[in-house]
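[1] show me how the following folds:
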Amino acid sequence: MKNVGIVRSIDTAGRVVLPIEIRKTLDLTEDESRVEIFAEGNRIIMKKYAPSCIFCHGEERLVEFNGQKICRRCAEKIGNL
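    Model prediction:
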């Protein structure tokens, strides 16, 4: 993990501003980008959101079924059951 040496405060609503350097590096734009937030031990991890298959976590050839993303390969496996 790269330490960029930037410290940010959390406001009363729990918000943190991501520095422009990080937003540019990850190509995060305020109008269309989303991030996932995880807690791991005493760390908070933010990751640029990319939809993925709920079974194999693949990110290619996704279809939606009952509000969930499934890749075509897993959908075909389910169809063969």
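[2] just the C-alpha atoms of the longest helix anywhere in the chain, please, in CSV.
    Under DSSP state H, the helix in the chain containing the largest number of residues is helix 72-79. Once non-C-alpha atoms are left out, helix 72-79 reads as follows in CSV (Å, rounded to 0.1, in the frame of the first residue of the first chain):
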residue,chain,number,x,y,z
ARG,A,72,-22.3,-15.4,-18.4
ARG,A,73,-20.0,-18.3,-17.5
CYS,A,74,-21.6,-18.7,-14.0
ALA,A,75,-25.1,-18.2,-15.6
GLU,A,76,-24.3,-21.1,-18.0
LYS,A,77,-23.1,-23.3,-15.1
ILE,A,78,-26.3,-22.6,-13.2
GLY,A,79,-28.3,-23.4,-16.3
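[3] any buried residues in it, and which?
    Within helix 72-79, the residues that qualify as buried by neighbour count (16 or more other Cβ atoms under 10 Å) are 74-75. Every residue, glycine included, has its C-beta placed from N, CA and C.
[4] same thing with stretch 26-36?
    Neighbour-count burial for stretch 26-36, counted by 16+ other Cβ under 10 Å, picks out Leu28.
[5] for the longest helix of the chain, packing partners?
    Contact partners of helix 72-79 among helices and strands, from 3 or more Cβ pairs under 8 Å, 6 or more residues apart in numbering; DSSP states H and E: strand 62-65.
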